[in-house]
Structure formats: C-alpha cells, structure tokens
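1. no sequence on hand, only this structure:
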C-alpha cells in the first residue's frame with residue numbers, strides 16, 4: 001500500500017478528442033481518416049477535413065453538448081449536417097454524481113426552469129472537472145449556483161470567477177465540445193446560439209471558481225430557418241453557418257491575490273473557507289513485532305474481523321518483503337472518522353477513500369493512526385513515529401499469548417555477525433517501548449492484543465511489571481472491559497463502552513487537567529472482536545491538545561527568529577503540475593516536488609511565499625554524508641550501532657563538521673495542499689498533509705534559459721526528510737534575518753545516566769523529523785538549586801568548618817541530589833546543518849547489541865543552538 005499522502009504520479013490528463021481523431025490509428029471510420037503520410041495544406045488547419053469525433057466517453061473530463069442554451073431552441077427548416085435537431089436530444093445514461101441529461105421537448109422559458117437547468121449543467125461541469133483531479137472527492141456540498149437575472153442579456157455580470165470550489169485545486173480542467181452530438185457527429189450552432197452557450201458556460205465555470213478558454217472553432221455546415229414576422233405571408237428565410245467549438249474550463253488558483261493577503265492571513269486566526277475544520281487526533285501504534293499492531297489497525301479501519309492469519313493487515317502493508325515476513329518496516333497510516341456513535345471506515349457504503357471519510361465526519365472527529373515497526377532492526381521507524389510525528393496519544397500493543405521463539409530461516413532479520421535485539425522476548429521489547437513512552441511524557445494507552453490466546457496466570461505475570469512502571473511514574477492504570485457483543489462494535493460505538501470511557505478515563509483526565517494522569521488498558525482481539533468497541537470509544541473520546549503555537553517551547557521574546565509558520569518534512573516525491581498550476585507559477589518544468597508531514601504551528605495557504613531548507617552548499621556533496629535509511633549490506637545493523645559501516649564512514653570523515661557547510665534557504669510558492677488527502681486551500685496548525693511547491697528561479701544565477709530546468713531539478717533532488725518549510729516573520733523580513741540552521745547544539749538532560757556518554761563518541765540524535773549523527777563534545781554537570789544551603793556552602797571557603805555536613809550525608813540524600821541534577825551535553829552535527837527548534841525535545845540513542853532493544857535512549861530538551 002502506498003503512503004496515504006501519496007499523490008497519483010500519473011494523474012488524468014485532458015486530451016482533446018480532435019487530436020485523437022486526427023490519429024489514423026484511432027479514427028473510427030477509415031474513409032474519413034487523415035494518414036500520417038498525407039500532406040496538409042499549409043493554409044488550412046490540421047482539422048479542416050475532420051468530419052466527426054469519437055463518441056463521447058462516459059467517464060473522464062470531456063463533455064459533448066449540442067448546446068448550453070437556457071431558452072428554447074428555434075426550429076430549423078433545413079440543416080446540412082448529418083443530424084437534424086429541434087430542441088434537445090435524448091440523454092445517454094450517466095454515472096456517479098453526474099446528473100442525467102433530460103428534456104426531449106423544447107425548453108420552457110420560465111425563470112425557475114432556467115435556474116434549474118443552470119444547476120443541472122453546473123453539476124455536470126463539476127463532475128467533469130473532478131474527473132481530471134487525482135483522488136477527487138464526490139462531495140458538492142459547497143456548490144453555490146448563482147441566481148439568474150430575468151433578462152438574459154444581464155448574464156455577463158456573472159462571468160467573473162468566484163472562489164474556487166474546494167477540491168478543484170489539482171484539477172487539470174475539462175473540455176467542452178459544443179455543437180457536437182453524443183456519438184461525435186458535428187451538428188453545429190448558429191453564431192448567436194454559440195455566443196449564448198459560451199456565456200452560459202462562463203457563468204457555470206465562474207460559480208466554481210474557473211475560467212473558460214476557447215480552444216478552436218470550426219464551421220461544419222449551414223442551416224435555414226424562417227423568421228416569424230407577426231404571421232405575415234412573406235416570412236423572411238435566413239441562412240447561416242453552423243459552428244462547433246471546443247472550450248477548456250480551468251480552475252483559477254488566485255495565487256497573486258493570496259500572496260498580497262498573506263500577511264493579513266497570518267494575523268487572522270479564523271480558519272479560511274477551504275480549510276478542514278474537523279478535529280484531528282494523531283495516534284501512534286507501537287509495540288513488539290509480534291503484537292499484532294497492523295492486524296488490529298486493519299480491523300479498526302476496515303470494519304472486518306481478522307481470519308487469524310493476518311487477512312485484515314494485507315491492505316496496510318507497503319512493501320513486498322513486509323507481506324512475506326509479516327513484519328512492518330515502515331510507517332503505514334490510516335484514517336477513521338467519528339460522529340456521535342457512528343464509525344466511518346471502509347466498511348461503510350460509498351466510502352472508498354479518505355476524502356469520503358472527511359465528508360462524512362465533517363462535524364465529528366478524524367482519528368489519524370500511524371502504524372510503526374516493532375522489530376529492533378527498524379527502531380528508527382519507531383522513533384520516527386514517536387518523536388518525528390509528535391503524536392497526541394500513543395497506543396502500546398502488548399501480545400497476551402506466550403512469547404514466540406526468535407525468528408529464523410528465510411525471513412530472519414539476523415545479520416552475519418548478529419543483529420540488535422535477536423532473542424529478546426516480546427515482553428522485554430514491550431517494556432523497552434513503555435520506558436521510552438514514559439520518558440517522552442506522551443499520553444499513553446495500552447492495548448493487550450490477541451487476548452483470546454492468553455492464559456489468566458501468564459497475563460497476571462506479564463502485566464505486573466507494566467502496572468509497576470506506570471505507578472512508579474505517578475500515573476494511574478485503568479483496566480477496562482466491555483460487555484458489548486463483538487459484532488455490535490464494528491459499525492457503531494456501543495453506548496455502554498462510550499459511557500464507561502467517559503466515566504473512567506475522560507472525566508478523571510478533565511478533573512486533573514493532565515492527560516498523563518490516566519493510562520487506559522484494554523483487552524482486544526482482532527479475531528473475535530473483543531475490545532474493538534472500547535478501542536473505538538477511546539479514539540472517539542480522547543482529549544486533543546490545544547492548537548499548537550510558536551510560543552509552546554520558549555517565549556517569543558527569547559527566540560525572535562521564530563517563523564510565523566513551520567512545516568516538518570517527512571517524505572518527498574514529485575508530481576506533475578496541473579495545467580492551471582503551470583499557468584499561474586513562474587517555476588520551470590512540468591513537475592514539482594510534493595512534501596509530506598505536519599504543520600507544527602501557523603497556517604499555510606495556496607499561493608503563500610515560503611522558504612525551504614536548509615540545503616547544503618553547492619560545492620559540497622552533502623548527500624554523501626547523509627545516513628542511509630537502510631542497513632549496510634553484510635551487517636544487518638542500522639546506523640546507531642558503532643560496528644555498522646555507516647558509522648565507520650562518518651568517523652573516517654569526522655574532520656569535516658557541518659559548521660563548515662554553508663546552509664541555504666530557497667524560496668518557493670505553494671501550489672497545492674492536501675489535508676490527509678483532502679484537497680484544501682489552507683492547512684491549519686497541528687494538521688498533517690501534503691504540500692506541493694514550485695521553487696523560484698534564481699535571479700542572476702542562471703543566465704542560460706536552457707540550464708534553468710536542470711538547476712531546478714538538482715535543487716529538488718536535495719529535498720530530504722528532516723528539512724522544514726517555513727514562512728518568515730515580519731520582523732525577520734524587516735531586519736533581513738533568515739532562519740538559523742544549526743551545526744551544533746546544547747541539550748539539557750535530567751537523568752544521571754547521561755554521564756555514561758563519553759566525549760567524541762558518535763550517537764544518533766532525533767529532534768522533530770531530524771535524524772542526524774552527532775558527536776559528543778562535552779558533558780557538564782550543572783549545580784542543583786534544589787538545596788539553597790548547599791549552594792551557599794559551595795560559594796564559601798573550602799575549609800569552612802561546616803564542610804563535614806556535606807560529607808555526612810546519607811546515601812539516600814545523595815541519590816536525591818543526583819536525581820535533581822541537570823546535565824548539559826554539547827553536540828556537533830556530522831553530516832549537514834539542520835533547523836532545530838529551540839526548546840524542542842531531543843532523544844539520543846547509542847549503539848546497541850544483540851541483547852538490547854535499541855530504544856534505550858536519553859530524553860532531553862534543546863536549550864541552545866549553535867551556527
């Protein structure tokens with residue numbers, strides 16, 4: 001399964017049927033074909049001999065219309081074209097949200113009938129525009145049809161494009177073939193009918209935020225009709241040409257207006273129209289590799305029970321080796337919607353993709369779940385889910401069955417010299433995950449999976465140390481059980497489960513004001529459905545933290561270089577620009593990078609001017625220093641281990657520090673935004689999604705225009721995980737400051753274990769989405785201010801008579817003093833400069849061994865950034 005953020009790399013394109021009809025291999029009638037060897041008269045257009053088009057496709061962004069008149073059409077005495085019409089033609093069956101064509105008699109002329117026909121035609125246009133948009137939503141709840149004036153001549157006032165309808169930002173447009181029958185026959189319209197049809201099309205497009213461009217017009221015949229001159233015997237007979245036209249309807253992105261109002265939007269805290277306002281809960285699932293995380297997530301998101309052999313997890317696995325081994329190695333994401341007791345997942349009718357879930361849960365909540373890897377070999381994936389994605393809550397999955405023997409054979413993860421974590425029992429891995437969650441101070445819930453296989457005695461022994469650790473941290477474990485039937489919990493949240501969750505978890509958390517105070521524990525089974533209703537109730541009810549701001553970590557006065565908006569980048573890929581985006585941006589090329597991640601704070605909208613980075617200097621191949629995201633061949637070890645080839649390579653080049661690599665921030669324009677796959681115009685703080693950007697051309701750096709695309713391509717490939725997209729503050733713009741890229745930092749730790757870090761050792765640092773190899777420069781102990789008398793003594797003469805009081809301290813007092821001691825660790829980045837937010841959480845992970853989980857780390861806080 002691809003990432004849920006992934007755009008369609010080959011989105012639908014709008015190809016004119018005129019071009020396909022000219023291809024001899026696609027001509028429906030050979031006698032009318034124009035072969036590729038034919039010599040076309042230079043004074044005639046290539047389609048001058050074209051007599052018809054291929055039949056209208058049922059799906060796709062191409063629509064054939066005999067006319068778009070809002071009045072009855074006149075009756076003709078004679079038409080030279082093949083089809084003679086009076087009024088409208090019968091319809092063909094249509095699919096999906098597109099309304100069927102109707103009326104087999106002349107159109108009535110009342111204003112209400114004109115209004116109804118305009119609504120019908122506009123809905124058709126919306127459906128065709130959605131057909132050229134990748135992963136389009138079928139929702140049209142924001143559709144606003146303008147009121148028609150009584151006088152048809154006043155329609156021109158409605159031709160100005162309005163606000164672009166949400167979901168059409170990535171549309172490649174739609175083609176309208178006017179004057180063409182459904183089978184492709186050229187019928188034609190007179191000049192006045194064509195003008196009226198074009199006006200109607202422009203009004204329809206303007207109501208959706210689109211514009212109309214006439215691509216071609218062609219005379220296809222003549223017609224004759226009799227004018228009614230008050231029933232006089234000598235009525236006038238008129239003869240005119242018949243025309244067909246091709247019109248392209250394109251979204252108007254309003255990039256320039258967004259740029260002008262960008263600063264005003266930063267000061268306005270009211271969400272703009274086009275932004276998702278549905279509450280979002282971000283949850284990471286962690287646990288040992290045998291705990292059944294992916295299977296449980298599959299049952300929650302698909303609404304179907306597992307068959308005991310992992311059937312519910314198949315659609316969540318992203319790689320073939322995951323299917324073969326049964327082990328998750330990457331982060332998979334799923335979305336579940338809730339409104340009252342209703343559950344919106346793939347089990348519900350007419351929900352086929354994420355935008356459908358958005359539409360159903362618009363007044364409820366969205367639960368965004370990230371499934372992480374459990375095997376120690378993929379510990380960086382676990383840390384990415386816990387640290388990089390900054391989850392609101394973490395679900396720790398612990399299997400109830402007995403520990404399985406270590407994997408071996410074809411699917412073993414063991415390397416030639418042994419792999420980290422081989423032979424560790426699943427409960428030990430679960431305890432390592434629990435320790436890390438407690439250190440990170442993340443709100444936690446525990447799911448006991450495979451409960452149908454557990455024995456009461458073994459479960460008590462397995463959970464005893466879990467309860468002990470939780471209580472030692474001052475948290476209260478709450479064991480929850482359900483009386484609901486298994487099948488009742490797959491489509492709706494049971495009332496009893498929802499009430500139990502409110503009484504035993506949500507209300508105590510609300511009273512204490514601390515989401516860390518309660519740790520819910522639920523027994524679950526993806527095979528029998530045990531606890532599924534309680535888990536849904538948990539996802540439906542858990543409190544969401546307040547909207548993050550730029551002042552969450554440190555006051556703005558202490559960090560004036562804080563940007564207005566900050567987006568952490570997790571994945572990078574490219575997608576073809578739509579025709580509307582290409583027309584409204586100054587960047588080169590037909591494709592542009594798409595970055596995925598989450599918005600730490602601020603607001604981003606289509607058309608905003610942003611900066612991305614930090615990039616390495618042009619003269620330094622910093623890519624050669626970036627740690628690889630896969631183990632080195634022959635070792636089976638990931639980068640945090642000193643014996644791996646990656647660390648050996650970094651150690652051999654440690655003389656070159658990141659402080660000698662000049663960082664670079666590049667300006668770009670946002671052209672496309674998806675909020676969890678929902679096309680929007682604005683993404684708000686705390687939301688996750690995808691952003692497509694077009695880099696600005698360097699002024700004065702590229703003199704040769706042919707070299708510009710190459711320059712842009714090279715810079716695009718340097719986009720990587722861990723970089724940020726930001727909007728500089730007005731203070732930074734006025735003073736000429738740029739974002740500060742760090743080459744070193746100082747972190748504060750309140751655990752005495754950090755003393756074991758030796759100077760010049762190499763460790764891995766995790767800060768936000770950044771995963772970087774760092775060198776320990778120094779470890780210093782800070783004086784504790786918890787005992788003022790001791791601080792006063794240290795300031796006196798060392799020969800003070802009261803010094804014996806310090807020497808006579810008991811061991812417990814010394815331990816307490818050590819517990820309150822703060823340590824500062826100075827670190828130097830080895831590969832490239834990174835943007836690190838002051839006050840953010842940092843995790844240092846040392847090299848491990850076969851008897852360690854790889855999650856034994858030191859958790860601290862960044863207190864100083866060094867250039």
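-> Done, it's in. Source: prediction; values computed, not measured.
2. report how many residues lie close to residue 250.
-> Applying other Cβ atoms under 10 Å, we find 23 residues neighbouring residue 250. Quick note: C-beta positions are derived from backbone N, CA and C, even for glycine.
3. check residue 456 too.
-> Using other Cβ under 10 Å, residue 456 has 7 other residues around it.
4. now residue 299: which helix or strand?
-> helix 293-302 (DSSP states H and E).
5. tell me which other helices or strands that helix touches.
-> Applying 3 or more Cβ pairs under 8 Å, 6 or more residues apart in numbering; DSSP states H and E, one finds that helix 293-302 makes contact with strand 279-286, strand 332-339, strand 365-371, strand 444-449, helix 532-541.
6. got the angle for the third one vs helix 293-302?
-> Direction vectors for strand 365-371 and helix 293-302, defined by axes from the mean of the first three to the mean of the last three Cα atoms, to 10 degrees, enclose an angle of 160 degrees.
7. mind listing residues that contact strand 365-371?
-> For strand 365-371, the surrounding residues in contact (Cβ atoms under 8 Å, 6 or more residues apart in numbering) are 278-285, 293-294, 297, 300-301, 316, 328, 331-339, 357-358, 385, 389, 391, 539-540, 676, 688.
8. do the same with the first one
-> Applying Cβ under 8 Å, 6+ apart, the contact partners of strand 279-286 are 293, 296-297, 364-372, 374, 382, 385-386, 389-397, 433, 437, 539, 542, 544, 598, 676, 686-688.
9. buried ones only from the residues you listed, please, as a PyMOL command.
-> To isolate the buried subset of the contacts of strand 279-286 in PyMOL, counting by 16 or more other Cβ atoms under 10 Å, use the following:
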select buried, resi 293+296+297+364+365+366+367+368+369+370+371+372+374+382+385+386+389+390+391+392+393+394+395+396+397+433+437+539+542+598+676+686+687+688
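10. in the protein, where's the longest strand?
-> For the chain, the longest strand by residue count, based on DSSP state E, is strand 210-226.
11. other SSEs contacting the helix or strand following that one?
-> Next along the chain after strand 210-226, taking DSSP H and E as the criterion, comes strand 237-251. Under the contact definition 3+ Cβ pairs under 8 Å, 6+ apart, strand 237-251 sits against helix 111-131, strand 174-178, helix 191-207, strand 210-226, helix 579-584.
12. please, where are all the helices along the stretch 551-700 of the chain?
-> 579-584, 645-652 (DSSP state H, counting those that start in this stretch).
13. how near is residue 517 to residue 444?
-> Going from residue 517 to residue 444 by Cβ to Cβ, to the nearest Å gives 11 Å.
14. pLDDT averaged over stretch 439-454 - what is it?
-> Across stretch 439-454, pLDDT averages out at 92.
15. whoops, I mixed them up, stretch 780-787
-> 69.
16. with stretch 172-188 instead?
-> 92.
17. identify the residues contacting residue 837.
-> Counted by Cβ under 8 Å, 6+ apart, residue 837 has contacts 553, 562, 566, 600, 767, 768, 862.
18. in which helix or strand does residue 496 reside?
-> helix 495-501.
19. mind giving me the packing neighbours of the helix or strand that comes right after that helix?
-> The C-terminal neighbour of helix 495-501 among helices and strands, as given by DSSP H and E, is helix 507-512. Packing contacts for helix 507-512, counted by 3+ Cβ pairs under 8 Å, 6+ apart, involve strand 518-523.
20. list the contacts of the strand it packs on.
-> Against strand 518-523 from outside (Cβ under 8 Å, 6+ apart): 400, 444-448, 451, 463, 470, 475-481, 501, 504-505, 508-509, 512, 530-531, 534-535, 538.
21. and if you look at stretch 292-303?
-> Residues contacting stretch 292-303 (Cβ under 8 Å, 6+ apart): 285-287, 305-306, 310, 312-317, 328, 332, 334-336, 343, 345-348, 369, 371-372, 374, 397, 399, 447, 449-450, 490-491, 524, 526, 529, 532, 535-536, 539.
22. what do you get for stretch 458-475?
-> For stretch 458-475, the external contacting residues (Cβ under 8 Å, 6+ apart) are 398, 400, 402, 427, 430-431, 434-435, 438, 444, 446, 448, 476-477, 516-519, 521.
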